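> Quick one, what's the 3D model for this:
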Amino acid sequence: MRLYQLHSKQLLPISKKEAWDFLSSPKNLKVITPNHMGFHILSGADKPMFPGQIIQYIVKPFPFLSTKWVTEITHVVDGEYFVDEQRFGPYALWHHKHFLKEVDGGVEMEDIIDYKIPLGILGQLMHPILVKKQLERIFKYREEKLIELFGKVEGHPNTLVMKSI
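Numbers count the residues shown, from 1 in each chain. Modelled structure (predicted):
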């Protein structure tokens with residue numbers, strides 16, 4: 001079993017509260033997801049985030065594949081971090097940690113996603129060709145959208161690292 005990890009950091013020139021209010025609202029996930037993903041929330045995003053919350057989406061990870069994605073918010077520490085885990089969907093495992101930390105110039109948003117591709121060796125072969133590139137595009141779009149919405153801190157590079165574990 002091969003696990004992969006995506007690790008992203010972005011500095012936003014806003015307060016921690018502003019960042020938390022935006023990022024902890026499940027409805028805003030659509031705002032920072034590329035349109036070609038066909039992202040649509042079916043249920044569960046009508047209340048503020050809480051542990052145990054189940055959110056159902058339709059997502060189109062590739063032009064030839066539309067699927068239901070069900071996630072559970074498993075941990076929430078208000079203003080600090082939250083964790084979402086896939087219960088049903090396109091991955092064999094999806095565990096996504098979102099952290100916020102006050103820094104000079106604003107707030108650092110950090111994402112750590114541990115994931116596993118289904119289909120065994122076939123999935124591993126598809127990872128660099130399809131999955132890794134798609135995740136990189138999604139996170140690049142998100143980075144650009146957050147800059148458009150909140151601005152950019154000059155001189156601070158954003159980072160995106162993807163690796164096998």
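
> what are the ranges of the strands in the protein?
For the chain, the strands defined by DSSP state E cover 4-12, 40-43, 54-62, 65-77, 81-88, 93-103, 106-116, 159-164.

> Quick check: pLDDT value at F62.
On the pLDDT scale, F62 is placed at 72.

> correction: I165
For I165, pLDDT reads 63.

> Dump the strands of the chain into a markdown table; add distance to K152 and mean neighbour count as well.
No exception for glycine: its C-beta is placed from N, CA and C like everyone else's. Below are the strands of the chain laid out as a markdown table (distance: least, C-beta to C-beta, whole Å; neighbours: other C-beta atoms under 10 Å):
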| stretch | distance to K152 | mean neighbour count |
| --- | --- | --- |
| strand 4-12 | 8 | 20 |
| strand 40-43 | 28 | 13 |
| strand 54-62 | 28 | 17 |
| strand 65-77 | 27 | 15 |
| strand 81-88 | 23 | 17 |
| strand 93-103 | 14 | 16 |
| strand 106-116 | 10 | 19 |
| strand 159-164 | 14 | 13 |
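
> Identify whichever of these lies nearest to L130.
Closest approach to L130 among the strands of the chain (C-beta to C-beta): strand 54-62, 6.6 Å.

> so what does the closest one touch, helix or strand wise?
For strand 54-62, the packing partners by 3 or more C-beta pairs under 8 Å, 6 or more residues apart in numbering; DSSP states H and E come out as strand 40-43, strand 65-77.

> Provide a list of residues in contact with W69.
The neighbourhood of W69, defined by C-beta atoms under 8 Å, 6 or more residues apart in numbering, consists of 56-59, 86, 88-90.
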